[in-house]
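Novice: Here is the input, now give the coordinates:
(one chain, ligands or ions: 2)
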Amino acid sequence: MQNSQYDYDVMFIGAGHASDGASLLVKNGYKVAKIEANRVGGTCANWACNAKVVLDGAVELARTQERLSKIAQGDLKLSWDANMEHKHEVIRPLDKKMEQRFVNAGIDVIRGWATLKDAHTVDIDGKQYTSDKFVIATGLHPNQLDIPGTELGHDSKDFLDLEPLPSRMTIIGSGYISMEFATIANAFGSNVTVMMHGDRALRKFHVPYVDKVIKDLERRGVKFIPNANVSAFSKDDDQYYVEYGDGQKLATDWILDATGRNPNLTGYGLDELGIEYTKHGVTVNDKLQTNIPNIFAAGDVANTDKPKLTPTATHHSNYIAHFIMGDTNAAMKPYIIPTVTFTSPRIAEAGVSIEEAKAHPDQYTLVENDVTGAWFRQITQDKIADQALIFDKDDHLVGATEVSEEAEDFINGLLPAIALKLNREQREQLAPLFPSIMHEGWKNLI
Ligand SMILES: Cc1cc2nc3c(=O)[nH]c(=O)nc-3n(C[C@H](O)[C@H](O)[C@H](O)COP(=O)(O)OP(=O)(O)OC[C@H]3O[C@@H](n4cnc5c(N)ncnc54)[C@H](O)[C@@H]3O)c2cc1C
Ligand SMILES: NC(=O)c1ccc[n+]([C@@H]2O[C@H](COP(=O)([O-])OP(=O)(O)OC[C@H]3O[C@@H](n4cnc5c(N)ncnc54)[C@H](O)[C@@H]3O)[C@@H](O)[C@H]2O)c1
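Specialist: Ligands and ions are numbered 1, 2, ... in the order given. Alright, predicted model coming up:
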């Protein structure tokens with residue numbers, strides 16, 4: 001223990017990825033605890049990323065069979081109930097397994113609701129602990145539309161435990177959650193309608209690529225209603241309705257409110273301690289300190305200019321650990337956060353976007369490739385596979401976007417080149433294993 005004045009050197013409030021830095025700290029002799037009111041591992045492990053990709057596995061299989069239907073013949077029948085059971089089997093043990101892993105590493109896991117009492121004291125369900133430093137890592141909660149009947153809507157957590165799959169599903173919003181869950185529910189046979197706020201889905205991503213994903217979903221029967229202006233949810237016996245537009249009403253069996261997520265800011269002492277925040281999260285400086293310097297904020301709850309994603313949470317947390325250990329006193333260095341939407345096809349990107357590259361032709365060279373004809377994509381018979389590579393004027397790869405079934409693997413493979421700004425000579429030294437999508441893709445960097 002570095003500072004014997006307190007029970008702990010560092011306590012993380014929340015045991016999601018924004019507490020990942022605990023591992024670095026404990027390895028370096030710090031006394032560390034993670035406080036968790038719900039399941040260890042937080043949202044991503046239990047109710048988001050992991051749970052979703054388990055459900056998506058069968059969708060991937062169905063799509064592959066569809067593309068190779070001449071070879072893999074016959075009807076493939078997807079069972080929602082069996083898939084949900086599989087998801088439970090994979091996800092339910094995570095909480096205990098992760099706790100055990102942390103405890104084995106020397107991290108204390110304290111279950112309960114944390115409330116900060118002062119800059120060095122936290123109350124956990126009536127018991128007080130002191131710590132030299134705290135990291136607020138409390139995450140987000142789902143937005144609930146402020147409309148009559150809003151309580152009839154469900155959130156992403158409900159979807160990931162949903163049994164049986166309703167025959168008609170209406171999803172409000174057209175961001176990440178909406179598009180990923182529409183893909184899954186449609187593949188398992190639900191009749192899905194997406195009510196869009198405006199006329200664009202997946203705003204973060206390149207419009208022509210998003211259009212390809214939407215067109216494909218429409219071909220499979222998903223309906224998109226742009227500028228839906230949803231005004232109420234209502235119920236009549238077992239029948240639900242979404243009221244929208246100019247007095248229109250859509251009958252449905254289940255409503256998913258996927259209109260975003262808001263930071264968890266109340267009920268744990270921020271106001272009482274005067275810790276500053278806005279509706280975007282806890283206010284932090286470029287070292288992720290709040291206005292009380294020994295209290296940091298990390299991950300989704302921190303108000304930074306990075307997307308609220310798992311790689312951001314891990315990055316924040318590890319930086320805070322290095323800062324606390326004295327490895328750096330400098331502000332966080334610029335860092336790249338890759339992102340992917342688990343639709344089918346996926347869209348993944350990292351670094352400079354296609355839009356930024358097009359807006360600044362003096363700074364960037366944009367190389368766009370339709371890779372459906374590329375040798376490796378012939379194996380899986382990808383019908384949609386476009387990629388864009390963005391180079392700066394010194395020939396560093398600074399950004400990449402791909403729409404394809406393998407987009408996340410391709411962008412992950414390029415990440416070292418982008419994040420470490422490898423020059424051409426360094427890129428030439430790397431020959432990815434063969435045959436693989438990266439071996440083929442890497443050729444475009446040389
Ligand atoms: C449906 C869905 C799918 C997603 N898919 C992806 C994806 O594919 N890829 C990706 O990168 N990101 C994805 N995300 C986002 C990702 O889940 C988050 O960015 C990530 O979980 C943030 O981690 P965090 O530690 O900041 O917060 P969280 O994981 O939310 O952890 C916060 C923890 O704090 C606990 N807590 C809160 N208040 C207290 C308190 N007072 N005392 C004790 N404990 C408390 C909570 O119980 C929670 O466990 C997804 C999100 C959702 C909702
Ligand atoms: N693959 C991934 O990485 C992944 C997947 C799911 C979720 N997430 C994370 O979770 C967060 C939340 O996901 P999300 O899909 O809820 O948020 P989002 O911000 O991606 O999308 C919200 C959607 O709701 C719409 N909307 C907002 N206000 C509305 C209103 N009043 N009426 C109707 N529509 C409205 C928006 O236009 C948008 O289409 C994401 O921002 C992301 O950080 C990431």
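Novice: What helix or strand is Arg427 located in?
Specialist: For Arg427, the element it lies in under DSSP states H and E is helix 424-428.
Novice: What are the contacting residues of that helix?
Specialist: The contact list for helix 424-428, computed with CB atoms under 8 Å, 6 or more residues apart in numbering, reads 395, 397, 417, 442, 445-446. Bear in mind the C-beta positions are built from the backbone N, C-alpha and C, glycine included.
Novice: Mark which of those residues are buried, thanks.
Specialist: For those, a neighbour count by 16 or more other CB atoms under 10 Å gives the buried set as 397, 417, 442, 445.
Novice: Next to ligand 2, which bits of the chain? Give me the list.
Specialist: 145, 172-178, 180, 197, 230, 258-261, 307-309, 339-342 (CB under 6 Å from any ligand atom).
Novice: Could you give me the PyMOL syntax to select whichever of these are buried?
Specialist: To isolate the buried ones among these in PyMOL, judged by 16+ other CB under 10 Å, type:
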select buried, resi 145+172+173+174+175+176+177+178+180+197+230+258+259+261+308+309+339+340+341+342
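Novice: If you average the pLDDT over stretch 91-108, what comes out?
Specialist: For stretch 91-108, mean pLDDT is 98.
Novice: That stretch: how far from the chain's middle?
Specialist: Centre-to-centre, stretch 91-108 and its host chain are 22 Å apart (CA atoms, centre = their mean, to the nearest Å).
Novice: Just the C-alpha atoms of that stretch, please, in PDB.
Specialist: Provided in PDB are the C-alpha atoms of stretch 91-108 (Å, rounded to 0.1, in the frame of the first residue of the first chain):
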ATOM      1  CA  ILE A  91     -23.100 -14.200 -20.000                       C
ATOM      2  CA  ARG A  92     -24.600 -15.200 -16.500                       C
ATOM      3  CA  PRO A  93     -21.300 -16.600 -15.100                       C
ATOM      4  CA  LEU A  94     -19.300 -13.500 -16.100                       C
ATOM      5  CA  ASP A  95     -20.200 -11.600 -13.000                       C
ATOM      6  CA  LYS A  96     -18.800 -14.200 -10.600                       C
ATOM      7  CA  LYS A  97     -15.900 -15.200 -12.900                       C
ATOM      8  CA  MET A  98     -14.700 -11.600 -13.300                       C
ATOM      9  CA  GLU A  99     -15.000 -11.000  -9.500                       C
ATOM     10  CA  GLN A 100     -12.900 -14.100  -8.900                       C
ATOM     11  CA  ARG A 101     -10.300 -13.000 -11.500                       C
ATOM     12  CA  PHE A 102     -10.000  -9.600  -9.900                       C
ATOM     13  CA  VAL A 103      -9.800 -11.000  -6.400                       C
ATOM     14  CA  ASN A 104      -7.100 -13.500  -7.500                       C
ATOM     15  CA  ALA A 105      -5.200 -10.500  -8.900                       C
ATOM     16  CA  GLY A 106      -5.400  -8.800  -5.500                       C
ATOM     17  CA  ILE A 107      -8.200  -6.300  -6.200                       C
ATOM     18  CA  ASP A 108     -10.900  -6.100  -3.600                       C
END
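Novice: which residues are in contact with it?
Specialist: Identification of contacts with stretch 91-108 by CB under 8 Å, 6+ apart yields 8, 15, 22-23, 26-27, 31-34, 39-41, 45-46, 50-51, 54, 109.
Novice: related to what we said a few turns ago, so which of the buried ones among the contacts of helix 424-428 are in helices?
Specialist: Under the assignment DSSP state H, the buried ones among the contacts of helix 424-428 contribute 417, 442 to helices.
Novice: and Glu60, what does it touch?
Specialist: Residues in contact with Glu60, defined by CB under 8 Å, 6+ apart, are 344, 405.
Novice: Just to check, Val26 is in contact with Val32?
Specialist: Yes. Here Val26 reaches Val32: they are 5.0 Å apart, a contact under CB atoms under 8 Å.
Novice: quick revisit: counting only helices, which of the contacts of stretch 91-108 make the cut?
Specialist: Short answer: those in helices (DSSP H) are 22-23, 26-27, 45-46, 50-51, 54.
Novice: farthest-separated two in these?
Specialist: Taking CB to CB as the measure, these span a maximum distance of 30.1 Å, between Lys27 and Val54.
Novice: Between those two, which has more neighbouring residues?
Specialist: Val54 (18 against 13; other CB atoms under 10 Å).
Novice: dump the residue contacts of the more buried one.
Specialist: 83, 86-87, 90-91.
Novice: and Pro293, how many neighbours does it have?
Specialist: For Pro293, the tally of surrounding residues (other CB under 10 Å) stands at 11.
Novice: hang on, it in a strand?
Specialist: No. Remark: Pro293 does not belong to a strand; assigned using DSSP: H, G, I helix; E, B strand; the rest coil, it is coil.
Novice: confidence score at it?
Specialist: Note for Pro293: predicted pLDDT of 98.
Novice: Spatially nearest residue to the closest residue to ligand 1 within the stretch 51-200 of the chain, not counting backbone neighbours?
Specialist: Residue of the stretch 51-200 of the chain nearest ligand 1, by CB to the nearest ligand atom: Gly139 (2.3 Å). Setting aside the residues directly before and after it, Gly139 is nearest to Asp300 in space (CB to CB, 6 or more residues apart in numbering), at 4.7 Å.
Novice: Okay, buried residues for the lengthiest strand in the chain please.
Specialist: Counting by DSSP state E, the longest strand found in the chain is strand 127-136. For strand 127-136, burial by neighbour count (16+ other CB under 10 Å) applies to 129-136.
Novice: do it and ligand 1 meet?
Specialist: No. Strand 127-136 lies out of reach of ligand 1 by CB under 6 Å from any ligand atom, never closer than 8.5 Å.
Novice: In its sheet, which strands sit next to that strand, and in what direction?
Specialist: Using DSSP bridges, the strands paired with strand 127-136 are strand 8-13 (parallel), strand 121-124 (antiparallel), strand 295-297 (parallel).
Novice: what's that strand in contact with?
Specialist: 2-3, 5-14, 18-19, 21, 33, 110, 112, 116-117, 120-122, 270, 275, 282, 290, 294-298, 301-302, 317, 320, 324.
Novice: at 7 Å instead, please
Specialist: With CB atoms under 7 Å, 6 or more residues apart in numbering as the test, strand 127-136 has contacts from 3, 6-13, 19, 116-117, 120-122, 282, 294-298, 301, 320, 324.
Novice: which residues touch His322?
Specialist: Contact analysis of His322 by CB under 7 Å, 6+ apart lists Thr328.
Novice: Off-centre distance for the helix or strand where it lies?
Specialist: If you go by DSSP H and E, His322 is part of helix 310-324. Distance of helix 310-324 from the chain centroid (CA atoms, centre = their mean) equals 16 Å.
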